[in-house]
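Asker: Okay, structure incoming, though there's no sequence with it:
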């Protein structure tokens with residue numbers, strides 16, 4: 001089993017960037033979801049309600065600050081685009097503590113599950129895609145851990161999928177049958193929410209080992 005893909009999303013709910021390597025720590029991939037779209041009162045808005053946000057691509061600049069379509073995230077041009085995508089009053093704001101995550105800082109997907117899904121894996125918005133995984137083996141990994149070099153990541157639970165999976169990552173064309181299929185064939189859940197136990201640097205092609213998580217009860221069935 002190897003690391004096949006690494007993804008970072010510097011602005012939550014915008015398209016992200018594919019990386020060759022990344023440092024991961026308590027707050028997930030370095031630079032991930034450090035900025036979010038907010039409305040009045042600081043309420044976080046997402047592409048679940050405002051899918052036009054997915055038209056914009058966020059990357060991390062050389063200075064460690066997010067860029068939106070190659071422009072500084074603080075620029076007036078980006079501010080206008082954000083309002084056009086998410087409504088009057090919507091703006092970008094930096095996360096006060098770490099990143100802005102729906103569940104946990106990392107989402108780990110597998111090539112086997114993506115093949116079973118039969119659609120572009122970007123719809124799942126993973127941070128790490130593991131290659132060399134047979135079928136839906138990930139469904140037996142809850143409570144296990146993966147180790148890649150110095151990094152140790154605990155696989156906590158399968159992710160409940162939402163309406164964002166229904167939007168084509170390139171065209172934004174919506175197909176609601178995709179979410180219906182996820183619910184009927186996969187119980188509504190694909191990929192794994194994960195927490196970083198030990199930080200490290202991960203790289204595409206790096207070997208990954210599956211092992212028990214020391215934080216899990218001893219009576220849990222052994223990891224496959």
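Answerer: Looks like it arrived, so ask away. Only a predicted model underlies this, so the values are computations on that prediction, with no experimental measurement involved. Residues are numbered from 1 along each chain as shown.

Asker: can we go C-alpha only for contacts and neighbour counts from here?
Answerer: Fine.

Asker: okay, now the domains of this structure?
Answerer: If you go by automatic domain parsing, the domain ranges for the chain are 2-13+17-26+102-212, 30-94.

Asker: Turn the ones you listed into JSON lines, columns for distance to residue 223.
Answerer: Converted to JSON lines, these look like this (distance: least, CA to CA, whole Å):
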{"stretch": "domain 2-13+17-26+102-212", "distance to residue 223": "6"}
{"stretch": "domain 30-94", "distance to residue 223": "28"}
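
Asker: could these go into JSON lines alongside mean pLDDT and mean neighbour count?
Answerer: Formatted as JSON lines, those follow (pLDDT from 0 to 100; neighbours: other CA atoms under 10 Å):
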{"stretch": "domain 2-13+17-26+102-212", "mean pLDDT": "97", "mean neighbour count": "19"}
{"stretch": "domain 30-94", "mean pLDDT": "95", "mean neighbour count": "18"}
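
Asker: Please give me every residue in contact with the spatially most central residue of the chain.
Answerer: Nearest to the mean C-alpha position of the chain, counting by CA atoms, centre = their mean, stands residue 126 at 3.7 Å. When contacts are counted by CA atoms under 8 Å, 6 or more residues apart in numbering, residue 126 touches 6-7, 106-109, 191.

Asker: Helix or strand: which one has residue 182?
Answerer: helix 177-186 (DSSP states H and E).

Asker: What ranges does the protein have for its helices?
Answerer: Assigned helices in the chain, in chain order: 76-86, 111-117, 177-186 (criterion: DSSP state H).

Asker: Tell me which of those helices lies nearest to residue 130.
Answerer: Evaluated over the helices of the chain, closeness to residue 130 peaks at helix 111-117, with 6.1 Å, by CA to CA.

Asker: Tell me which other helices or strands that closest one touches.
Answerer: In terms of contacts (3 or more CA pairs under 8 Å, 6 or more residues apart in numbering; DSSP states H and E), helix 111-117 is packed against strand 128-131.

Asker: so can I have CSV of the helices of the chain showing distance to residue 63?
Answerer: As requested, these are exported to CSV (distance: least, CA to CA, whole Å):
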stretch, distance to residue 63
helix 76-86, 18
helix 111-117, 33
helix 177-186, 38
